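Enquirer: Build me a model from this:
(2 chains)
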There are 2 protein chains.
Amino acid sequence: MSLIVQKFGGTSVGSPERIQKVAERIAHAHQAGNQLVVVVSAMGHTTDELIELAHEVSRQPPHREMDMLLSAGERISMALLSMALADCKVPALSLTGSQTGIITDSSHRRARIQRILGDRVRTALGDGKVVIVAGFQGVSETREITTLGRGGSDTTAVALAAALQAEKCEIYTDVDGVFSADPRLVEDAKVWNQIPHDLMVELATRGAGVLHPRSVELAKQFGVQLVVKNSLKESRGTRVVSRLSDNQQKKGMEEFAIVGVTADTNKMFIEVELARSTVVGALWDQAAHSHLSVVAPFFSKNTVSFYSDLDAEGEWKKILEHLGTEGFVKDFHLRSDVVPLSVVGDRFSQDGLALAQVLDCLARAQVDVLIGSASALAITVGVAKSQVEQGLRTLHSEFLGRK
Amino acid sequence: MSLIVQKFGGTSVGSPERIQKVAERIAHAHQAGNQLVVVVSAMGHTTDELIELAHEVSRQPPHREMDMLLSAGERISMALLSMALADCKVPALSLTGSQTGIITDSSHRRARIQRILGDRVRTALGDGKVVIVAGFQGVSETREITTLGRGGSDTTAVALAAALQAEKCEIYTDVDGVFSADPRLVEDAKVWNQIPHDLMVELATRGAGVLHPRSVELAKQFGVQLVVKNSLKESRGTRVVSRLSDNQQKKGMEEFAIVGVTADTNKMFIEVELARSTVVGALWDQAAHSHLSVVAPFFSKNTVSFYSDLDAEGEWKKILEHLGTEGFVKDFHLRSDVVPLSVVGDRFSQDGLALAQVLDCLARAQVDVLIGSASALAITVGVAKSQVEQGLRTLHSEFLGRK
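Expert: The predicted structure follows:
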């Protein structure tokens, strides 16, 4: 009898019919003799609707109350799923993040998981029940309800799989797995059967929407078997593993390999001019304090540049204006028209070869590169939002297209 | 009976006495019933002496002849080791890179391995012999002798272990394993029992001298069990593995972890001012063509910055002056007084927290940061060479010291 954690996102539980479909799938796995813990997100756009409601009620909703409000979303979907399972004659029990013992820090809206108790989950499993757990939410040491922010439900699922020592963690989504590029934008994008952990972190950090980097980092660290599958049809899915597969590896033993091209249109580019170089620490302090994402940060002399989440534009503006009045920041630009376009792979650090080829390819396609940097696993360039599709297509055709 | 690849570097075979010691060690492992392939470097400073000789004879020695000359170094050490083994009554056979079938590309002095044939190795092992293979050298498709450049012998050893499907690859060196910092500079630096592949690549790229990143990348890709051990005394050594150990992982499930601080005094900082931003590709093309290392590259508008090997200063000067006459480069600075200082770990990308703490720590120690960037696995800042030791000590004491 093996223990499996399954996670179903907002789309998969987006309507009563879909919830029934998910219940059937779970019933099937249960009857096959598996122990199941199922993590669910809120239905469809519930979370966005609740946020909108809050802003209609209050000009500046307190974060604590926002978490209280939002946590209702998963409460609804998990109760509904549990009911649908009862109809399928499958004994099920729904548990909130707090009831599950998902202990987080106290950063409302962007809390991090510290540990998971899971006693009630183990007891219910022992009683032969399917356990439905609310994703995206936890409870702080001071017993306040918290939410985990972006990627929260994926993170709940993987952290639970680690804590319960589950055989595997299956993330159900509305596509067939991890692609070499967004299949909606790049026609011949392909699904990988497997992808290495470290490259999955880079893909996820750089816009591949299918998994969140936090969940992949947890899976890597705690040795959780992670699989991405389509909830709407049978598919082999993508396994997250320790190294490149033979078809991802090039011919020469030491050649670089490329597994994906991504763009993150939910990110913006931020440039800051500092009053003096020694105050750059203050900027990162502020980001850290608010758990704001910072991708590809670079600083030199008095200038700083990085990408962050588009929906944090207001927070960044407030932080940078505040640092301005303190005399730390001279000027800043939040550029939502500049988007990070990335090539993810392995062994980029040996020399400038991968970088040269990527830039050459973009130049030939007349995609203007405004800024760029590279690490061993990713090359990221800033391009105008209007050129993203052209950039993705030309890079994919060059490095990942049918030969 | 298990097949083990062992590699001994220049120091380990630096004198007749040391060669005899290595032979005894090999004899011991052979008598214990293992099949052994032993990769050796040239004795001590032989390679440097040969390079000096070449420059006394010729103002600009052709790279092909340089490879021919340098390949004599391992020929000497492998023959001597084979003789010492004969004295220990261990049947041994020495093979050059070419005889081993180490096929490389045709870039003299910095060739990359494409594949390994290894027929003669297999036959000799079948005959019960210990096989001594020359590290650092190979042969191109056009039958020219090539050398592999920096990290060549480590790379030979791991590539051989992959090709022969060896049980493990042991890299013998003059320290106890992989440290949290250079123990010559940081008093309470500790040896790790294990270190994850991806972090070992970062440590090696950023100055941890004990392994070369190319060899670690190969080990990761081909699933080679890699161990670093002391050739001068018995030690447990450091195993390169897939994830952090419990003592490297912090308490909270999602907290970042730090495993090492490094500085690379064999690197310099390069700043280039371009005539226009579209020509940056030409610069990386040149680097790629000469297989020059490019660490932490960043470009924005008309400026480019990165670190590269100090001993390639002459080559970079030539390249940049050439690009200047072509009208691509307006100005450049090769700054051998600026050194990359790095903190290596995991989960730095979530927000600016690790970056904020690193900069805060350096500021308190009055170490001036001239430039900096960060990826998920490494934070790298450029500091004056004179402040490197101070920087290393203060960062180690903050993040890795005894608590």
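
Enquirer: Let me see the ranges of the helices in the stretch 51-200 of chain A.
Expert: Secondary structure of the stretch 51-200 of chain A (DSSP state H, counting those that start in this stretch): helices at A:63-87, A:97-100, A:119-126, A:152-163, A:197-205.

Enquirer: Does chain B have contacts with stretch A:192-205?
Expert: Yes - Stretch A:192-205 lies within reach of chain B by C-beta under 8 Å from any C-beta of the partner chain, at A:Asp198, A:Val201, A:Glu202, A:Thr205. In this view, the C-beta of every residue, glycine as well, is placed from N, C-alpha and C.

Enquirer: Report whether the expected contact of the last one with A:Pro213 is present.
Expert: Think A:Thr205. Yes - look at A:Thr205 against A:Pro213 with C-beta atoms under 8 Å: they come within range, at 4.6 Å.

Enquirer: joint contacts of those two?
Expert: B:Ser349, B:Ala376 (C-beta atoms under 8 Å, 6 or more residues apart in numbering or on different chains).

Enquirer: more crowded one of those two?
Expert: The neighbour comparison of A:Thr205 against A:Pro213 (other C-beta atoms under 10 Å in any protein chain shown) goes to A:Thr205, with 30 against 25.

Enquirer: Low-confidence bits of the stretch 301-403 of chain A, can you list those?
Expert: For the stretch 301-403 of chain A, applying pLDDT under 70 flags the ranges A:350, A:403.

Enquirer: Contact residues of it facing chain B?
Expert: For the stretch 301-403 of chain A, the residues found near chain B under the criterion C-beta under 8 Å from any C-beta are A:301, A:305, A:346-347, A:349-353, A:355-356, A:359-360, A:363, A:369-378.

Enquirer: Kindly write the PyMOL command that selects the buried subset of those residues.
Expert: The buried residues among those can be selected in PyMOL (16 or more other C-beta atoms under 10 Å in any protein chain shown) with this line:
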select buried, chain A and resi 305+346+347+349+350+351+352+353+355+356+359+363+369+370+371+372+373+374+375+376+377+378
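
Enquirer: just checking, which of the residues of the stretch 301-403 of chain A next to chain B belong to strands?
Expert: The strands, defined by DSSP state E, take in A:Ser305, A:Asp346, A:Ile371, A:Gly372, A:Ser373, A:Ala374, A:Ala378 from these.

Enquirer: gap between the nearest residue to the last one once chain neighbours are set aside and A:Val241?
Expert: If I follow you right, that is A:Ala378. Residue nearest to A:Ala378 in three dimensions, not counting chain neighbours: A:Glu202, with 4.6 Å by C-beta to C-beta, 6 or more residues apart in numbering or on different chains. For A:Glu202, the distance to A:Val241 (C-beta to C-beta, to the nearest Å) stands at 15 Å.

Enquirer: and those two? which has more neighbours close in?
Expert: For A:Glu202 versus A:Val241, the count of surrounding residues by other C-beta under 10 Å is larger for A:Glu202: 30 against 16.

Enquirer: wait, what's in contact with that one?
Expert: A:Ser342, A:Val344, A:Leu377, A:Ala378, B:Ala376.
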